[in-house]
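Peer 1: have a look; sequence and predicted model below, questions after that.
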Amino acid sequence: MKVAYGFRATMTARPGKGDEVVEILLDAPSLTDDGCVVFLVGRSAANPDVIHVTEGWTTAEAHGTFFASEEAQALVAKLRTLLDGEPARFDAVPVGGKAAF
């Protein structure tokens with residue numbers, strides 16, 4: 001499956017809430033969505049309340065459709081209560097690489 005659309009986001013949890021944010025992200029419904037082929041969650045080594053997310057989707061439309069769903073909107077609403085400000089988001093066009101866990 002080819003990844004044609006992606007983005008990276010960096011978010012800062014409220015102090016001490018990084019574990020909760022990571023738990024919610026790792027249980028995200030996008031992990032089971034056919035259009036989502038990359039969903040990686042990482043943390044800053046210096047500050048565990050700073051979380052990075054990298055996503056790769058088959059198309060921008062698949063991403064948009066998923067994030068317009070009630071399920072995704074509920075996830076975003078839950079995350080917002082745990083975040084300190086808005087996430088920084090960067091569009092990306094994936095060109096290759098590797099992920100193995």
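Peer 2: Cool, the structure landed. Residues are numbered from 1 along each chain as shown.
Peer 1: can you pull out the helices in the chain?
Peer 2: 18-26, 60-67, 70-80 (DSSP state H).
Peer 1: out of everything not next to it in sequence, what's closest to T10?
Peer 2: Among residues not flanking T10 along the chain, A88 sits closest, at 4.8 Å (C-beta to C-beta, 6 or more residues apart in numbering). Heads up, the C-betas are built off the backbone N, CA and C, glycines and all.
Peer 1: no no, F90
Peer 2: Here the residue nearest F90, using C-beta to C-beta, 6+ apart, is R8, at 4.8 Å.
Peer 1: I'd assumed V93 was in contact with the one you found.
Peer 2: No - with contacts defined as C-beta atoms under 8 Å, R8 does not count as touching V93, sitting 11.6 Å away.
Peer 1: okay, these two: which has more neighbours?
Peer 2: R8 (15 against 10; other C-beta atoms under 10 Å).
Peer 1: ok, K17 to F67 distance?
Peer 2: 22 Å (C-beta to C-beta, to the nearest Å).
Peer 1: residues in contact with the residue nearest to G35 when sequence neighbours are not counted?
Peer 2: Nearest residue to G35, sequence neighbours excluded (C-beta to C-beta, 6+ apart): A62, at 2.9 Å. Taking C-beta atoms under 8 Å, 6 or more residues apart in numbering as the contact definition, A62 lies against 5, 33-36.
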